[in-house]
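J.: Below are the sequence and a predicted model for it; my questions follow.
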Amino acid sequence: MITKNRELCYNDSMKKFSIIFLLYLICFSAFSEIITSEKFNYSIDFPEGYEIIDMEQDETTVIFKNKYLAAHALIRVWPESKFKSADAALKDTLSRIKATADYSDAIWRRQKCSIASFESSLLLPDEAAQGWGACIPLPQKKGYLSILSYSPKKVFENLGQVLVSVLDSVLIDAGSFREPGLITSTFYPRKQPKSINLTISGKSIPTQIDTIDAEASQFVIDREFSVFSFYAANNLPEMYDAWVRFYRLLARDSMERVKKVSFDIYSALREDCEKKDSANPDAALAQALLYWAQDFHYERKSSSYDKADIESIPAILEGGSSDCDGRSLLLMCILKNCSLESCMFISSQYSHALLGVYLPGKQGQTIKVDDGEGGKDYIVGETTAKNLTLGMMPANMTDRKNWMSVELP
């Protein structure tokens, strides 16, 4: 149990959570380990295994511990009136645990934020702690969200990727579910536009990404594959949830990076799609993109077990190698940016990935995705076999229970 530090203003009302209070405070959504505070409207897409071990009754403080790793997280929401800036709030938070820290300014979601690396001898009962901290202003003046992600100092180097992943998985509004996280945005700020040219349905479509996009996305891939690998290597029950989270975070990181690309594709193809299928132009658009992806150069990026073999979405757009998962993820992101409900399906049994698009009335093979209201049937798209239309899938891969959906809220 984490020792209670009197100076941190965690008053004596803090108590072990009960099931009833947990349901009152935190809602566990359908998206695996995404935990949401209904009162303060923030969410965190935690790596698997984080559990609440303490909280204050007014919801301002929540403490988590990972049941598999010596990784901890502490959340403190400060009143907006208490500090003039996120930097001041984070410094005050860390000073209360007598931490030594190095601070950096950050801009995320058009807000001035603060990041710090720190060490403290007060967070853990018998040993020094080391970790990362961040403070983010919450929308609607709900306060300053301070979050500390830490471990015993002796294992910090081994758990660094997990600790950073927690901070990069903070979500404060709807838009933050679809753009790079605080840490990635800070370490890899946008530089300048880079022109690329795409050819889809015989049309040349000039568009742009940022020069930093491929490198930034690779940072996320490498970090999150390292996190996922722990669950896979130890064959933990949450291994498959961790796999879904891996792809979900890649999709989240990619959405903003391909936003202009998506808009330019939509603008170039929409009129032709309406002519081709006036009753369902969205289906025509999805089919055009599926044919386009099927013509990509097929190649796994890596055959090494300790490296992710998926290419980043920006690198694929620049002509890099791709396989089923990279192509499905790319089309999912583009279609979602075009306001089409889309997802990605992955299967360990089949070692394969498919695109999923919600197109009511479109005939073909579908996989049901649970939406809490009876589910929706997403028509599948096979991205690696040429000239297959939407709704076609390999005959030996049709067992629906072997497919998992990767979605963005």
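T.: Received, thanks.

J.: and the residue nearest in space to the middle of the chain, how far is that from Pro137?
T.: The centroid of the chain falls nearest to Leu249 when counting by CA atoms, centre = their mean (2.5 Å). Leu249 is 23 Å from Pro137, where distance means CB to CB, to the nearest Å. Just so you know, the C-beta spots here come from the backbone N, C-alpha and C atoms, and that holds for glycine as well.

J.: before we move on, what about Tyr266?
T.: Taking CB to CB, one finds Tyr266 at 33 Å from Pro137.

J.: who's in contact with the longest helix seen in the chain?
T.: Looking across the chain with DSSP state H, the single longest helix is helix 213-233. For helix 213-233, contacts defined as CB atoms under 8 Å, 6 or more residues apart in numbering pick out 47-48, 68-69, 161-162, 164-165, 168, 180, 184, 187-188, 194, 238-239, 242-243, 245-246, 249-250, 253-254, 257, 306-308, 310, 312-315, 318, 320.

J.: are any of the residues you listed buried, and which?
T.: Buried members of the contacts of helix 213-233, counted by 16 or more other CB atoms under 10 Å: 47-48, 68-69, 161-162, 164-165, 168, 180, 184, 187-188, 194, 238-239, 242-243, 245-246, 249-250, 253-254, 257, 308, 310, 312-315, 320.

J.: Skipping adjacent residues, who's closest to Trp243 in space?
T.: Of all residues not flanking Trp243 in the chain, Phe228 sits nearest, at 6.1 Å (CB to CB, 6 or more residues apart in numbering).

J.: Burial check on the one you found, number of neighbours?
T.: 23 (other CB atoms under 10 Å).

J.: can you pull the pLDDT of it?
T.: Looking at Phe228, its pLDDT reads 97.

J.: Distance check, it against Ser169.
T.: Distance from Phe228 to Ser169, by CB to CB: 13 Å.

J.: and if you look at Leu408?
T.: Leu408 is 13 Å from Ser169, by CB to CB.

J.: What residues of stretch 166-179 count as buried?
T.: Val166, Leu167, Asp168, Ser169, Val170, Leu171, Ile172, Ser176, Phe177, Arg178, Glu179.

J.: now, the most widely separated pair of those?
T.: Val166 and Arg178 (19.2 Å; CB to CB).

J.: residue ranges of the strands in the stretch 151-300 of the chain, please?
T.: 170-171, 193-200, 203-210 (DSSP state E, counting those that start in this stretch).

J.: most packed of those strands?
T.: Highest mean neighbour count among the strands of the stretch 151-300 of the chain (mean count of other CB atoms under 10 Å): strand 170-171, with a mean of 22.

J.: which strands and helices sit next to that strand?
T.: Secondary-structure packing of strand 170-171 (3 or more CB pairs under 8 Å, 6 or more residues apart in numbering; DSSP states H and E): strand 42-45.
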